[in-house]
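[1] Sequence and predicted structure are below.
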Amino acid sequence: MFVDYIRIFAKAGDGGNGCTSFRREKFVPKGGPDGGDGGDGGDIELIVDPHTDNLRSYFFQSNYRAEMGVPGRNQKMTGRSGKKLILKVPPGTVVHRCPPPSDREMDGEEDTRSDSPDEDDVVADLTENGQTFLLCKGGVGGKGNWRFRTDTNQAPIEFTEGTKGESGWFALELRRIADVGLVGFPNAGKSTLLGALSNATPKVAAYPFTTLTPMVGVVEFPGFLRATVADIPGLIEGAHRNVGLGHDFLRHISRCSIFLFVVDTAGVDTRDPVSDIQILRQELKLYDDRLVDRPWLIVANKMDLPEAQDLCAALQQRFLKQEIFPISANTGQGLDALRSRLAELVGHRPE
């Protein structure tokens with residue numbers, strides 16, 4: 001099960017209370033105050049784990065509470081601080097602050113995901129392996145009565161309570177990190193292309209919506225260069241309004257530095273590649289108008305079929321200033337030219 005959006009509740013530990021105590025020993029009948037401080041509450045921290053690829057673990061548990069601090073004790077003993085709670089997230093996780101779910105959502109009558117997380121509520125964007133983020137700060141332990149002693153008050157009974165740990169509801173949204181995003185309608189051949197370019201093994205079949213989760217493959221180039229390519233599940237018209245699984249798919253292309261628009265040039269499903277490009281570009285613009293300003297190439301797929309020649313010519317005539325790569329992901333035709341161009345645009349040495 002692939003999970004790329006989840007809502008969780010996080011509560012850092014409360015600080016322990018300070019202690020009111022007086023030293024009483026056989027030969028020290030008036031030993032004075034000796035109440036210790038309370039321990040600090042445990043923090044909740046997110047850490048980017050390169051071995052975690054989605055948010056599945058948070059699907060089964062959505063409530064996280066760090067350990068509370070232990071109250072202080074006599075003999076000026078400070079209570080033990082609560083343990084820090086570390087939550088692992090995959091690279092590309094965006095953390096949003098969000099309102100608590102409604103009663104209907106809690107009862108399972110409504111979807112608990114937000115259709116469009118508010119970018120203004122983003123509190124963290126975690127992209128680097130090992131990167132950490134303090135999600136909720138633990139409370140501070142209270143002071144014991146020995147801290148309130150003065151020259152004029154030798155037997156204070158005052159103490160302070162520990163402060164509350166921070167808490168809140170947060171939405172964790174995974175946006176896959178890749179250099180290149182494959183964008184296209186269902187059955188355009190994106191999965192086959194990803195498999196041909198890289199060592200990825202996406203599911204390929206002769207029916208639409210074969211790919212239901214984003215897949216990332218690594219393409220190797222000469223000179224020890226490489227690039228990551230993401231196969232985004234097929235979009236449909238209206239995806240920007242979350243038609244189909246629109247936002248589930250579109251969120252994963254927001255980090256790509258270049259787009260490959262893959263179209264079925266043979267018109268196998270009676271599709272028109274020119275119209276497909278226009279619709280796809282419009283969907284990206286309506287979802288986030290910044291996406292249409294990024295570099296993009298057209299990949300005219302299925303050129304091994306005889307029907308592709310006329311449609312490819314129409315595509316080239318319509319997009320005169322755009323780079324078009326006629327290929328066949330199935331036979332490998334034209335892939336060398338596409339690889340060479342990608343190496344020039346996004347090839348980089350692995351870190």
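    That came in fine, so what should we check first? Residues are numbered from 1 along each chain as shown.
[2] in this protein, which spans are strands?
    With DSSP state E as the criterion, the chain has strands at 5-11, 44-48, 63-65, 85-89, 93-98, 122-126, 132-136, 167-174, 180-183, 215-221, 225-231, 258-264, 296-301, 324-326.
[3] Describe which strands the longest one pairs with in its sheet and in which direction.
    Sheet partners assigned to strand 167-174 using DSSP bridges are listed as strand 5-11 (antiparallel), strand 93-98 (antiparallel).
[4] Could you give the number of residues near G36?
    Using other Cβ atoms under 10 Å, G36 is surrounded by 26 other residues. (C-beta placed from N, C-alpha, C; glycine too.)
[5] and if you look at T270?
    Residues lying near T270 (other Cβ under 10 Å) number 6.
[6] Show me which residues of the longest helix anywhere in the chain are buried.
    In the chain, with assignment by DSSP state H, the single longest helix is helix 273-287. Within helix 273-287, the residues that count as buried by 16 or more other Cβ atoms under 10 Å are 273-274, 276-277, 279-281, 283-284, 287.
[7] in the stretch 51-200 of the chain, which spans are helices?
    57-60, 103-106, 190-197 (DSSP state H, counting those that start in this stretch).
[8] now for the longest one, which elements pack on it?
    Here helix 190-197 is seen to pack against strand 180-183, strand 215-221, strand 225-231, strand 258-264, strand 296-301, helix 335-346 when contacts are counted using 3 or more Cβ pairs under 8 Å, 6 or more residues apart in numbering; DSSP states H and E.
[9] OK, contacts around the closest residue to Q154 other than its chain neighbours?
    Counting by Cβ to Cβ, 6 or more residues apart in numbering, Q154 lies nearest to G32, which is 6.2 Å off, once chain neighbours are set aside. The neighbours of G32, taking Cβ atoms under 8 Å, 6 or more residues apart in numbering as the test, are 22-23, 146, 149, 154-155.
[10] And V219, by the same measure?
    Contacts of V219 by Cβ under 8 Å, 6+ apart are 180, 197-198, 226-229, 339, 342.
[11] Could you check how far it is from G184?
    Here V219 is placed at a distance of 17 Å from G184 (Cβ to Cβ, to the nearest Å).
[12] Verify the contact between G92 and A124 for me.
    No. Between G92 and A124 there is no contact under Cβ atoms under 8 Å: 11.7 Å.
[13] C136: neighbour count?
    By other Cβ under 10 Å, 24 other residues sit near C136.
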